[in-house]
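1. Pasting a predicted model and its sequence here:
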Amino acid sequence: MFKNPNGGFIKTVLILIIIILILSYFGFDIKKFIDSPTTQKNLGYVWGLGKTVWNKYLEKPLTYLWKNVFVNLLWGSFTSNMERIKGGGTITPSNWIPQI
């Protein structure tokens, strides 16, 4: 009935440990792979590409959505409704729709 909120995290850690053990069994050296010049070059390329996409295309629209839509319109309604629920109140469509 109740889910363990840390169940997903613990499962992920266990799966990562099992993967590392399997790779070690077959002689795969993770440190050597990560430190290799090819891997470093590829990671640098992907990181630079991600920064370029963020700076040129995503930063302005996502910052606008975060500040003007989420924070200004939705966050106030969300927190007031959570306080209302905490106090034993109910939520109806008339008091959960953001007021513009």
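-> Received the coordinates, thanks.
2. May I have the predicted confidence score for residue 12?
-> Residue 12 carries a pLDDT value of 91.
3. Use 33 as the first number from now on
-> Sure, I'll start counting at 33 from here, so that last one is residue 44.
4. For it, I want the exact helix or strand it lies within.
-> Assigned by DSSP states H and E, residue 44 belongs to helix 39-57.
5. Just name whatever secondary elements the helix or strand following that helix is in contact with.
-> On the C-terminal side of helix 39-57, the closest following helix or strand by DSSP H and E is helix 62-67. In terms of contacts (3 or more C-beta pairs under 8 Å, 6 or more residues apart in numbering; DSSP states H and E), helix 62-67 is not packed against any helix or strand. From N, CA and C alone the C-beta is placed, and that goes for glycine too.
6. Just the C-alphas of helix 62-67, formatted as PDB.
-> Taking C-alpha atoms only, helix 62-67 is exported to PDB below (Å, rounded to 0.1, in the frame of the first residue of the first chain):
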ATOM      1  CA  ILE A  62      36.200   1.700 -15.900                       C
ATOM      2  CA  LYS A  63      38.900   4.100 -14.800                       C
ATOM      3  CA  LYS A  64      41.000   3.400 -17.900                       C
ATOM      4  CA  PHE A  65      38.000   3.800 -20.100                       C
ATOM      5  CA  ILE A  66      37.000   7.200 -18.500                       C
ATOM      6  CA  ASP A  67      40.600   8.500 -18.600                       C
END
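7. and for the helix or strand just after that helix, what are the contacting residues?
-> Where DSSP H and E defines the elements, the next helix or strand beyond helix 62-67 is helix 69-85. Helix 69-85 is contacted by residues 65-66 when judged by C-beta atoms under 8 Å, 6 or more residues apart in numbering.
8. Show the end-to-end separation of stretch 86-103, please.
-> 21 Å (C-alpha to C-alpha, to the nearest Å).
9. How far away from the center of its chain is it?
-> 16 Å (C-alpha atoms, centre = their mean, to the nearest Å).
10. any residues touching it, and which ones?
-> So stretch 86-103 is contacted by nothing (C-beta under 8 Å, 6+ apart).
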